[in-house]
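Chemist: can't give you the sequence, but here's the structure:
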């Protein structure tokens, strides 16, 4: 029997057992969804994970209910058929929603909050978090490797975010965005059925 086939079979079985073990700790893990170990997580009861999803190894999913003496009510929603890459870090403090059929590559950072730093007489780690606004990633979005998505941002349906970009503002539907900060570089023209460069 092929060694690589056996290795892959064992990894999938391990992921199925791991997912089953943490299912009762989460708010919802949909049918056929898999979480590959290890997962670094806090307050998974705030997570609503859809069906047929995949969270790859070494993810960090954190729902913050309390920080620096301030209580929060986090909500993290991930839609059906969404895949999340290795070493991805997702932090929800208020509301963070990822749609259906979203592809998230490795080492992506998504957060709906920022550390406070205004008081120079206190360490940053002791100051309350700031909540500029929720994060919404609509259906069919593709997020490349190393992308950072900051608070108060909506990424529109079927848009693509280029690798290593930093998203600080809304990205419209059916666009390609890249850079630091991310800017739209292509848009889909429904009249010509083609992707056109933005000058």
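Modeler: Nice, thanks for sending it over. Computed from a prediction, not measured in an experiment: that's the story for all the values here.
Chemist: Could you use CA atoms for every contact and neighbour count after this?
Modeler: Fine.
Chemist: Can you list phi and psi of residue 17 for me?
Modeler: phi -70, psi -40 (degrees, to the nearest 10).
Chemist: confidence score at it?
Modeler: Residue 17 is assigned 88 on the pLDDT scale.
Chemist: That one: neighbour count?
Modeler: Residue 17: 16 surrounding residues under other Cα atoms under 10 Å.
Chemist: Contact partners for residue 183?
Modeler: For residue 183, the contacting residues are 171, 177, by Cα atoms under 8 Å, 6 or more residues apart in numbering.
Chemist: Relative to residue 155, how far out is it?
Modeler: Residue 183 sits 12 Å away from residue 155, going by Cα to Cα, to the nearest Å.
Chemist: all helices in the chain, in order from the N-terminus.
Modeler: Per DSSP state H, the chain carries helices over the ranges 3-22.
Chemist: Could you pick out the longest strand of this protein?
Modeler: In the chain, assigned by DSSP state E, the strand with the most residues is strand 183-189.
Chemist: residues shared between the contacts of residue 183 and residue 155?
Modeler: residue 171.
Chemist: rewinding a little: go through the longest strand of the chain and flag the buried ones.
Modeler: Buried residues in strand 183-189, defined by neighbour count with 16 or more other Cα atoms under 10 Å: 183, 184, 185, 186, 187, 188.
Chemist: do the same with stretch 111-126
Modeler: 111, 112, 113, 117.
Chemist: Quick check: end-to-end length of it?
Modeler: 18 Å.
Chemist: Who does residue 153 form a beta bridge with?
Modeler: residue 135 (DSSP bridges).
Chemist: ok, it to residue 113 distance?
Modeler: 11 Å.
Chemist: So which bits of the helix or strand bottoming out on mean pLDDT in the chain are buried?
Modeler: Lowest by mean pLDDT, DSSP states H and E among the helices and strands of the chain is helix 3-22, with a mean of 83. Applying a neighbour-count criterion of 16+ other Cα under 10 Å, one finds 15, 16, 17, 18, 19 buried in helix 3-22.
Chemist: pLDDT weak spots in this protein?
Modeler: By pLDDT under 70, the weakly predicted segments of the chain are 1.
Chemist: end to end, how far does stretch 42-54 reach?
Modeler: First-to-last distance for stretch 42-54 - Cα to Cα - comes to 18 Å.
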